[in-house]
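# Fold the following, please.
(2 chains)
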2 protein chains.
Amino acid sequence: MKKNKATIHDIAEKLNITASTVSRALNDNPRISDATKKKVLKIAKQINYQPNHIASALRSGKSRLVGVIVPTANRNFFSSVIRGIEDIANNLNYKIIISQSYDEFEKEVQNVEALLNARVDGVIASIGKTTENVEHFQKILEKGIPLVLFDRISNELEVSQVVIDDHLGAYQTVDHLIKSGCKRIIHFTSNQRINIYKERKRGYEDALVDNGIAVDPKLIFDCNMQLEGGRQVMQGILDQKIKFDAVFSSSDYSIMGAMQVLKEKGFKIPEDIKLAGFGNEPFTSFTEPSITTVDQKSVPMGQITAETFFEILNSDGNNVMGKKTILKPELIIRDSSL
Amino acid sequence: MKKNKATIHDIAEKLNITASTVSRALNDNPRISDATKKKVLKIAKQINYQPNHIASALRSGKSRLVGVIVPTANRNFFSSVIRGIEDIANNLNYKIIISQSYDEFEKEVQNVEALLNARVDGVIASIGKTTENVEHFQKILEKGIPLVLFDRISNELEVSQVVIDDHLGAYQTVDHLIKSGCKRIIHFTSNQRINIYKERKRGYEDALVDNGIAVDPKLIFDCNMQLEGGRQVMQGILDQKIKFDAVFSSSDYSIMGAMQVLKEKGFKIPEDIKLAGFGNEPFTSFTEPSITTVDQKSVPMGQITAETFFEILNSDGNNVMGKKTILKPELIIRDSSL
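Got it, this is the predicted structure:
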């Protein structure tokens, strides 16, 4: 059976070049000209050449696999980032394998081990909420393979990172709420060791101050960022009879929970209370009213993360060079704050 | 550095057993008694033993990785199945790596290659909508490692499969709509080569017939099962002025699209038109009205799929033995059909 299968030698023969040139062209080696690469790919397609990645990995020590660690792939943000990463990776003939940490530190440590076990050529990760140290990520660097972080990053690791300007996203949202007439704006936040929650809280505070409103710590609430958490925190706020005219949450899920409780208690949204979340989860446009939120540019973030990753992969030794890319988020104003 | 690291020999010494017994105990070998396994795990924890899976994989030829192929991990159904698979796998000290096909045949073929490249000990998969043949899955079986399918299965593969009773789920939903007074029930379906859509359509038809209502093919519409697809199909139905009093869709996303269009045109749900979807996506409880749907028992499906997988993995040679497990779905009646 194998005799009938097209090989790189068949391609080499047709183009009158060496098999190793064909191999390099197929592996996108920078030493091969684009013209040759195009010719090789054309013939490869014509004769239905199927690269044997396993054998090729054994020869080159490369698996052409990129490991991606996310808290969960079932968040629109993370799945869209993964989509962006795959766009770039697939074009370069690399495949993505995903491992979920569920925001559990121990699982994240095991994820790293599993991906190294799968012989990935590098790792792209977003750090879990309960992660206590970054030793497991150091292991990746010790292997001499690239690590790039996105969104939930760590300053303890000298690696390239891609984030959005969370401060700006929060600032614009709160500024919009104030300009819509709100004065007592509640903020839902989470673990301040995580850059995104810290930056969003800073944006909230700066927007208040810049509009001449003092920051009232009694209006800032810790929340697990889930729907149920948003419900509980809002219930507590109503029980305590705290006065407020808006809520800005660092998560769409918890603002959804807050909205459910407010509506159950007879509040009119946005007439009585204006609401805004963060993340642009698809359900925010399905609800009534639809929810004002911040789009995190997730597909471009994935594409830029992957481009950064492959730049490092293709330039031996620059692994620890930390390049930080900051993308601009977009405020999406919907009915919940109009 | 390595000298300071605890090894299986340290555990063996402390318990006065052989290193190979320790290794077997750590790998959950059935030949080792539960009592010994407990002792070994206790000492391993005490001396902070970190198993070196990579070295162990090289020795045993096992990676302790299970590859999971899904159309997308960003559907509550698939992510919940994966959660169920991980529950079982992690308890057995196996890790899951995920690869997404995006319902594209070519990507699915590459997924299989990538997972084999990552040296997985077996694959659990749900087949994509555009998959034309199952040769790539045959490759897994040819390697002598297990393959188990869930939800979107193929009768061309003699492997174990776990599904829900889609016919029953659809039958109960349509029966409920009829008992709520509906007579002209539209059905959104998709590619009939995919078992789930075929079975749900059969359930729809049987419920009509059993209630003395003739099946009208003009009320059955092909739909891509996305929100936008549901919008388009519903727009077409209204343009054609087709009379109907209910819609049952094989997907929550397309019923959501239909509901949006109906509400935009001034229809009252459920007074004018009753609606029901399939899948119990979380957003179906956030909408107004909340949407009647069918819960697919996704976490138990994942757990049973994984149990089936490990049963095969631990019993050499029974790979092709096809065992089909059928789970009962649950109709969840919400405001859209009351």
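# count of residues packed around the nearest residue in space to residue A:9 that is not next to it in sequence?
Residue nearest to residue A:9 in three dimensions, not counting chain neighbours: residue A:19, with 5.2 Å by Cβ to Cβ, 6 or more residues apart in numbering or on different chains. (Glycine included, C-beta is placed from N, CA and C.) Per other Cβ atoms under 10 Å in any protein chain shown, the neighbour tally for residue A:19 reads 14.
# Flag the shaky bits of chain A, pLDDT-wise.
The model of chain A has pLDDT under 70 over residues A:1-5, A:30, A:50-61, A:316-321.
# Give me the domain ranges for it.
A:8-51, A:63-164+A:298-327, A:166-296+A:332-337 (automatic domain parsing).
# Would you mind putting those into TSV with distance to residue B:67 alongside?
Converted to TSV, those look like this (distance: least, Cβ to Cβ, whole Å):
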stretch	distance to residue B:67
domain A:8-51	19
domain A:63-164+A:298-327	8
domain A:166-296+A:332-337	28
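# Contact residues of the stretch 51-200 of chain A facing chain B?
Within the stretch 51-200 of chain A, the residues that sit near chain B (Cβ under 8 Å from any Cβ of the partner chain) are A:53-54, A:57, A:63-65, A:67, A:72-76, A:78-79, A:82, A:86, A:90, A:95-100, A:107, A:110-111, A:113-120.
# rewinding a little: right, so of the domains of chain A, which gets closest to residue B:302?
Nearest of the domains of chain A to residue B:302, taken as Cβ to Cβ: domain A:63-164+A:298-327 at 12.8 Å.
# before we move on, the earlier item: among the residues of the stretch 51-200 of chain A next to chain B, which are located in helices?
Using DSSP state H, the members of these that fall in helices are A:53-54, A:57, A:76, A:78-79, A:82, A:86, A:90, A:107, A:110-111, A:113-117.
# Buried subset of those, written for PyMOL?
Buried subset of those, written as a PyMOL selection, criterion 16 or more other Cβ atoms under 10 Å in any protein chain shown:
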select buried, chain A and resi 53+57+76+78+79+82+86+107+110+111+113+114+115+116+117
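# Distance from the helix or strand that contains residue A:248 to the middle of the chain?
Using DSSP states H and E, residue A:248 sits in strand A:246-249. Here strand A:246-249 shows a centroid-to-chain-centroid distance of 23 Å under the convention Cα atoms, centre = their mean, to the nearest Å.
# what does stretch A:19-38 give?
Distance, centroid of stretch A:19-38 to centroid of chain: 32 Å (Cα atoms, centre = their mean).
# Okay, buried residues for that stretch please.
Here stretch A:19-38 shows A:21-27, A:32, A:36-37 as buried, counting by 16+ other Cβ under 10 Å.
# next one: stretch A:194-210
Here stretch A:194-210 shows A:194-201, A:203-208 as buried, counting by 16+ other Cβ under 10 Å.
# next one: stretch A:134-153
So stretch A:134-153, judged by 16+ other Cβ under 10 Å, has buried residues A:134, A:136-137, A:140-141, A:145-153.
# Now do the strands in the stretch 51-200 of chain A.
A:65-70, A:95-100, A:122-125, A:147-150, A:160-164, A:185-189 (DSSP state E, counting those that start in this stretch).
# for the stretch 201-338 of chain A, that is, sorry about that
So, for the stretch 201-338 of chain A - with DSSP E, counting those that start in this stretch - the strands run A:220-222, A:246-249, A:274-276, A:293-295, A:324-327, A:330-332.
# need those in TSV with mean neighbour count, can you?
Output for the strands of the stretch 201-338 of chain A, formatted as TSV (neighbours: other Cβ atoms under 10 Å in any protein chain shown):
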stretch	mean neighbour count
strand A:220-222	17
strand A:246-249	30
strand A:274-276	27
strand A:293-295	24
strand A:324-327	14
strand A:330-332	17
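# could you redo these as a markdown table and give each row distance to chain B?
A markdown table is the format used below for the strands of the stretch 201-338 of chain A (distance: least, Cβ to the nearest Cβ, whole Å):
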| stretch | distance to chain B |
| --- | --- |
| strand A:220-222 | 22 |
| strand A:246-249 | 15 |
| strand A:274-276 | 14 |
| strand A:293-295 | 14 |
| strand A:324-327 | 21 |
| strand A:330-332 | 17 |
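# one step back: pick out whichever of the buried residues of stretch A:134-153 sits closest to chain B.
residue A:136 (10.9 Å; Cβ to the nearest Cβ).
# got the contact list for that closest one?
A:108-109, A:112-113 (Cβ atoms under 8 Å, 6 or more residues apart in numbering or on different chains).
# That one and residue A:99: what is the separation?
12 Å (Cβ to Cβ, to the nearest Å).
# How about residue A:291?
For residue A:291, the distance to residue A:99 - Cβ to Cβ - is 31 Å.
# Thanks again, I'm all set now.
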